[in-house]
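Q: could you work out the structure for the sequence below:
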Amino acid sequence: MQADVNAIPESIEALTHRIFTTGRITRADENLLLRATRSATTLNHEEYNLVRQMQVRLQMGLLKVVD
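A: Predicted coordinates:
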């Protein structure tokens, strides 16, 4: 049985919570968010707001981008 390589292992809520808690976002996190936002399912209002908050925090320099 082969794993679905397009599966999103973490919910957007869990992912953003982890990023907000640590103050860091990795390239892997970024890729997961891009896949989640571009997936067949649409974001609900809460998920959209979390992604938007993350964009704002990145622009303000409140999150550190790490590899």
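Q: now do the buried residues in stretch 12-20.
A: If you call a residue buried by 16 or more other CB atoms under 10 Å, then stretch 12-20 has these buried ones: 12, 15-16, 19-20. Any C-beta I mention is one placed from the backbone N, CA and C, and that applies to glycine too.
Q: ok, then the element right after the lowest-mean-pLDDT helix or strand in the chain?
A: The helix or strand of the chain with the poorest confidence is helix 27-37; it has a mean of 85 (mean pLDDT, DSSP states H and E). Downstream of helix 27-37, the first helix or strand assigned by DSSP states H and E is helix 45-60.
Q: what's the angle between that following helix and helix 27-37?
A: 140 degrees (axes from the mean of the first three to the mean of the last three CA atoms, to 10 degrees).
Q: quick one: helix 45-60 to chain centroid distance?
A: 9 Å (CA atoms, centre = their mean, to the nearest Å).
Q: parallel or antiparallel, list what pairs with the next helix or strand along the chain from that helix.
A: Using DSSP H and E, the next helix or strand after helix 45-60 towards the C-terminus is strand 64-66. Note on strand 64-66: by DSSP bridges, its sheet partners are strand 24-26 (parallel).
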